[in-house]
Structure formats: structure tokens, C-alpha cells
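Enquirer: What follows is a predicted protein model with its sequence.
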Amino acid sequence: MEIRTEFVDTGAVRFEVDTCGDPESDKLALLLHGFPESSYSWRYQLPLLARLGYRAWAPNQRGYGHTTRFTGIDNYRIELLVDDVGRLIDAAGKKSVTLIGHDWGGGVAWMSALTRVRPLERLVVMNLPHPTCFQRHARSWAQMRRSWYILFFQIPWLPEMLLAARDAKAIRDAFRGMAVDKSRFPDEVLDVYAAQALQPGALTAMLNWYRAMRHVPADMPRFVANPPILDTPTLMIWGEHDSALGKELTYGTDKLVRDFTIHYLPDVSHWVQQEAPEQVNAILEEWLQPRP
């Protein structure tokens with residue numbers, strides 16, 4: 001299945017979107033990438049979803065690629081990222097929506113489902129915990145050691161300078177260094193992410209997602225502490241060799257989601273859908289088939 005790049009104007013944001021599948025299909029699969037990724041991170045999943053009958057969209061989220069790049073931290077608040085999901089779903093105009101997210105995209109996917117920004121048929125999240133589970137474990141010493149980079153990213157201009165240095169070597173190292181199977185990240189793949197990060201203003205926009213974490217809506221802490229039970233059937237895929245997020249962050253998710261399935265992949269890193277696409281795609285294909 002051929003992947004095409006199109007532009008979708010939602011009014012608030014003009015999205016650069018990798019698309020695959022029949023435009024006439026009434027099923028949408030919307031795939032949200034993480035940091036420092038892009039729509040390219042879904043290159044293995046888009047053809048699969050198209051083959052399963054979906055119209056698959058993988059947008060570069062706000063600030064990434066050639067999607068609208070806003071200045072200012074406030075333009076990357078979580079409520080705006082969730083609103084983007086709703087606007088993309090409206091623009092697609094499909095009857096059925098499956099939302100899929102990884103890393104930051106997984107966080108946006110969780111909040112989109114929990115706040116019911118639009119009706120969802122199914123939810124898939126990869127290596128990003130339910131926000132309530134994350135809140136419960138975030139202050140553990142083990143997770144605080146893993147999350148040191150979030151505090152570093154709050155510093156003005158210095159993270160951008162270091163990430164961009166030597167042809168974005170730190171960006172390249174983030175993928176290959178964290179991966180278990182480093183052959184999945186050859187130079188030609190890393191070149192894609194480095195080139196994206198080195199676009200004017202791109203790194204600041206990407207880091208502003210983290211900086212905007214300080215600006216949460218007033219009711220967000222209460223909502224996360226006592227969330228509604230999620231009715232949307234949900235699949236979680238988790239690479240166990242994740243140096244940024246501990247496996248323990250997944251514990252208790254089954255108490256927060258009524259129809260929950262989880263697959264742990266040993267010896268697979270945080271970059272699960274890129275490092276183990278055969279396993280991830282097999283899990284997706286089985287779980288997305290019609291169930292009695």
C-alpha cells in the first residue's frame with residue numbers, strides 16, 4: 001500500500017498527514033507520534049491498517065514537520081493537543097474511529113479518550129501509561145531517575161542548542177542508543193528525524209510540549225486523580241526494555257479501563273512500533289479483527 005503525504009486544514013492547524021488506504025472507507029485509524037518522532041514513525045503500521053480496511057492518517061502533530069509551527073509555550077497545552085484530535089476526526093468525516101498513540105501521542109490519545117473529545121471505536125496506546133497510573137508512580141525514585149530529561153527540557157534555549165549540535169547527534173543517539181535492536185535505526189532512518197529537528201524553530205516547538213506541562217487546566221489534577229472508567233476497548237503494547245518509562249507504570253490500568261488488553265514485548269525498547277514492527281503488527285491485526 002502506498003503512503004502519500006497530504007495537507008489537512010482544520011481551521012486552527014494545517015496538518016501535514018501521511019495517508020494510506022481507501023479514501024472511501026468509513027473507518028479511520030488516526031495515529032499520533034511521540035517525541036522526537038514524526039508521522040514517519042508509523043511507516044510500518046500504515047500499510048497494515050490500510051489492508052485491514054481503514055483510511056489511515058498519521059499526522060505530524062503541531063510544531064512538527066510542515067504542520068503549523070506555533071511560537072509560545074501556551075500553544076502546546078494538553079487541551080489544545082486534544083482539540084487537534086477532535087478537529088482531525090471531524091475533517092476525516094468517518095463513521096468509526098480507532099485512535100492509536102505512542103509516547104507523547106499516547107498521552108494525547110489517553111486524554112482524548114477520557115475526555116470523550118469525539119466518539120471512539122477503539123484505542124491503542126504504546127509505551128505511555130494511563131495518566132492516573134503515571135501520577136501514582138511518577139514520584140518514585142526509579143521513575144524520577146528515568147524522567148530527568150523532562151526537568152532539563154524546562155531550561156530555555158540550552159536543550160535546543162545541545163540537541164541540534166553536531167547534526168542533531170543527540171536526536172540520533174536517542175533512537176539508536178535506547179534501542180535493543182539497533183539495526184532498526186540505520187543512518188537513513190536517523191537522517192529523517194535529524195532533518196526534521198533541524199528545521200528552523202522545530203526543536204523549540206517540540207520541547208514546548210514538555211514546557212507546557214506546567215500549564216495544565218485547573219481541574220486536571222482532580223480529573224487525573226479520579227478519572228472516569230474508560231468504556232472504549234483499549235489495547236496497550238509495551239516494550240519492556242524502556243529506559244524512559246518503567247513497566248510498573250502499566251500496573252493497575254485494568255482497574256481504569258473496562259475492556260483492556262495488554263501485550264508486553266521483552267527485549268524491545270521504548271520505540272516499540274519501529275523496533276518490533278512484525279510483532280506489533282501481528283498484535284494489532286489480531287486485536288482489530290471483528291470480535292463476537
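Expert: Received, thanks.

Enquirer: Can you tell me which residue sits nearest the middle of the protein?
Expert: residue 105 (2.0 Å; CA atoms, centre = their mean).

Enquirer: Wasn't that residue part of a helix?
Expert: Yes - residue state for residue 105 (DSSP: H, G, I helix; E, B strand; the rest coil) corresponds to a helix.

Enquirer: Confirm for me that it is in contact with residue 39.
Expert: No - the criterion here is CB atoms under 8 Å, and residue 105 misses it with residue 39 at 10.1 Å. Glycine gets a C-beta too; all of them are placed from N, C-alpha and C.

Enquirer: And residue 149, its phi and psi?
Expert: phi -60, psi -30 (degrees, to the nearest 10).

Enquirer: Stretch 179-193 - what's its average pLDDT?
Expert: Stretch 179-193 shows a mean pLDDT of 98 in the predicted model.

Enquirer: now could you export just the CA positions of that stretch as PDB?
Expert: The C-alpha atoms that make up stretch 179-193 are tabulated as PDB, following Å, rounded to 0.1, in the frame of the first residue of the first chain:
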ATOM      1  CA  ALA A 179      17.100   0.600  21.000                       C
ATOM      2  CA  VAL A 180      17.800  -3.000  21.700                       C
ATOM      3  CA  ASP A 181      17.900  -3.900  18.100                       C
ATOM      4  CA  LYS A 182      20.000  -1.100  16.800                       C
ATOM      5  CA  SER A 183      19.800  -2.400  13.200                       C
ATOM      6  CA  ARG A 184      16.300  -1.000  13.100                       C
ATOM      7  CA  PHE A 185      17.700   2.500  13.200                       C
ATOM      8  CA  PRO A 186      20.200   2.800  10.300                       C
ATOM      9  CA  ASP A 187      21.600   6.100   9.300                       C
ATOM     10  CA  GLU A 188      18.900   6.700   6.600                       C
ATOM     11  CA  VAL A 189      16.200   6.500   9.300                       C
ATOM     12  CA  LEU A 190      18.100   8.700  11.700                       C
ATOM     13  CA  ASP A 191      18.600  11.200   8.900                       C
ATOM     14  CA  VAL A 192      14.800  11.700   8.700                       C
ATOM     15  CA  TYR A 193      14.500  12.600  12.300                       C
END
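
Enquirer: What residues of that stretch count as buried?
Expert: Buried residues in stretch 179-193, counting neighbours by 16 or more other CB atoms under 10 Å, are found at 179-180, 184-185, 189-190, 193.

Enquirer: Three-state assignment for residue 6, please.
Expert: Secondary structure state of residue 6, per three-state DSSP, is strand.

Enquirer: Identify the residue nearest residue 80 in space, chain neighbours excluded?
Expert: Residue nearest to residue 80 in three dimensions, not counting chain neighbours: residue 62, with 7.5 Å by CB to CB, 6 or more residues apart in numbering.

Enquirer: Wait, a helix at the one you found?
Expert: No - the assignment for residue 62 (three-state DSSP) gives coil, which keeps it out of a helix.

Enquirer: Can you report how many residues lie near it?
Expert: The local packing of residue 62 (other CB atoms under 10 Å) involves 21 other residues.

Enquirer: Going by secondary structure, residue 22 is in what exactly?
Expert: Under the criterion of DSSP states H and E, residue 22 resides outside all helices and strands.

Enquirer: which ones are touching it?
Expert: Contact criterion CB atoms under 8 Å, 6 or more residues apart in numbering gives 50, 53, 55 as the residues in contact with residue 22.

Enquirer: What subset of the residues you listed is buried?
Expert: For these, a burial check counting by 16+ other CB under 10 Å picks out 50, 55.

Enquirer: possible to save the contacts of residue 22 as TSV with distance to residue 122 and pLDDT?
Expert: As requested, the contacts of residue 22 are exported to TSV (distance: CB to CB, whole Å; pLDDT from 0 to 100):
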residue	distance to residue 122	pLDDT
50	16	98
53	13	97
55	15	98
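
Enquirer: can I get the contacts of residue 22 in JSON lines with distance to residue 232 and secondary structure?
Expert: Converted to JSON lines, those look like this (distance: CB to CB, whole Å; DSSP: H, G, I helix; E, B strand; the rest coil):
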{"residue": "50", "distance to residue 232": "22", "secondary structure": "helix"}
{"residue": "53", "distance to residue 232": "19", "secondary structure": "coil"}
{"residue": "55", "distance to residue 232": "19", "secondary structure": "strand"}
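
Enquirer: show me what contacts the closest residue in space to residue 50 that isn't next to it in sequence?
Expert: Sequence neighbours aside, residue 21 is the residue nearest to residue 50 in space, at 3.3 Å (criterion: CB to CB, 6+ apart). Listed by CB under 8 Å, 6+ apart, the contact set of residue 21 reads 1, 29, 46, 49-50, 53-56.
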